[in-house]
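Asks: below are the sequence and a predicted model; questions follow.
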Amino acid sequence: DAGVIQSPRHEVTEMGQEVTLRCKPISGHNSLFWYRQTMMRGLELLIYFNNNVPIDDSGMPEDRFSAKMPNASFSTLKIQPSEPRDSAVYFCASSLTRTEKLFFGSGTQLSVL
Amino acid sequence: DQQVKQNSPSLSVQEGRISILNCDYTNSMFDYFLWYKKYPAEGPTFLISISSIKDKNEDGRFTVFLNKSAKHLSLHIVPSQPGDSAVYFCAASWSAGNMLTFGGGTRLMVKP
């Protein structure tokens, strides 16, 4: 099993640009999570999906952030427009159920200049 | 308000000695606790978990202790090895089906 696959690994962009992060969960996992890691706040949950349906997006910072899961094998996290304070490592994770242990991808290091 | 807190951002230990990482939580509904380990440039990986019906769970060199009355858990690594150097995250959830809440992490450095 390839595990959770995220792309790109690194993204450098300028303030105001649109950024799209991608995730392929482990096949057969029903729950998908987007996390953001920062020095100040550690690992914070942004949104999670169960069976491709967004269940809780209360962690999404503001309207500039949006996430989709069009099918069981693909999800995107979009930031439009991006701001320097969005700079962080963004992780995608999946699990069999929402309370089972999570399997994380390697993350996307986002730098907004 | 952080429901799961790791108050020590870093910890340095000599190889062969015991490492103790601490975690406190505020939500009494939490009944399932996990520790994750994260190496640089990688995602966190599951290490060990404990249910609230237990107060101890052991897996090789790793033991997690849970003190429900104090809302405190700890991870013991003995003996510590240089390869244990990583960031350790504590996480909690409750069986009503809610997702994990993570602490801020503790960076462990094991010196040879």
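Replies: Sure, I can see it. Residues are numbered from 1 along each chain as shown, chains lettered A, B, ... in the order given.

Asks: assign a three-state SS to the residue nearest the centre of chain A, would you?
Replies: Taking Cα atoms, centre = their mean as the criterion, A:W34 is the residue nearest the geometric centre of chain A, at 3.3 Å. Counting by DSSP: H, G, I helix; E, B strand; the rest coil, the backbone at A:W34 sits in strand.

Asks: wait, it sits on A:S75?
Replies: Yes - counting by Cβ atoms under 8 Å, A:W34 touches A:S75, with 7.4 Å between them. (Each C-beta comes from the backbone N, C-alpha and C, glycine too.)

Asks: if we can go back for a sec, give me the nearest residue to the residue nearest to the centre of chain A, chain neighbours excluded.
Replies: Take A:W34 and drop its neighbours on the chain: the residue closest to it by Cβ to Cβ, 6 or more residues apart in numbering or on different chains is A:L46, 4.4 Å away.

Asks: so where's the chain shaky on pLDDT?
Replies: Using chain A. Along chain A, segments meeting pLDDT under 70 span A:1, A:98-100.

Asks: meant chain B, my bad for not saying
Replies: B:1, B:96-98.

Asks: chain A contacts on that one?
Replies: Applying Cβ under 8 Å from any Cβ of the partner chain, one finds that chain B approaches chain A through B:6, B:32, B:34, B:36, B:41-46, B:49, B:89, B:93, B:95, B:97-105.

Asks: helix or strand for the closest residue to A:L110 other than its chain neighbours, which one?
Replies: The shortest distance from A:L110 to any residue other than its chain neighbours is 5.0 Å, reached at A:E11 (Cβ to Cβ, 6+ apart). A:E11 is located in strand A:10-13, with elements delineated by DSSP states H and E.

Asks: ditto for B:L11
Replies: strand B:10-14.

Asks: run a quick neighbour tally on B:K38.
Replies: 22 (other Cβ atoms under 10 Å in any protein chain shown).

Asks: list the contacts for it?
Replies: Contact analysis of B:K38 by Cβ atoms under 8 Å, 6 or more residues apart in numbering or on different chains lists B:P44, B:T45, B:A86, B:V87, B:Y88, B:F89, B:G105.

Asks: and the strand holding A:E11, what does it pack against?
Replies: Contacts defined by 3 or more Cβ pairs under 8 Å, 6 or more residues apart in numbering or on different chains; DSSP states H and E place strand A:10-13 against strand A:19-24, strand A:108-112.

Asks: can you tell which of those is closest to A:S66?
Replies: For these, the distance to A:S66 is smallest for strand A:19-24, at 9.9 Å, taking Cβ to Cβ.

Asks: now tell me what touches that closest one from outside.
Replies: With contact meaning Cβ under 8 Å, 6+ apart, strand A:19-24 is reached by A:4-8, A:11, A:13, A:32, A:34, A:73-80, A:82, A:86, A:90, A:92, A:105, A:108, A:110, A:112.

Asks: touching, the residue nearest to A:L110 and A:G107? I think so.
Replies: No - using Cβ under 8 Å, A:E11 makes no contact with A:G107, being 10.9 Å away.
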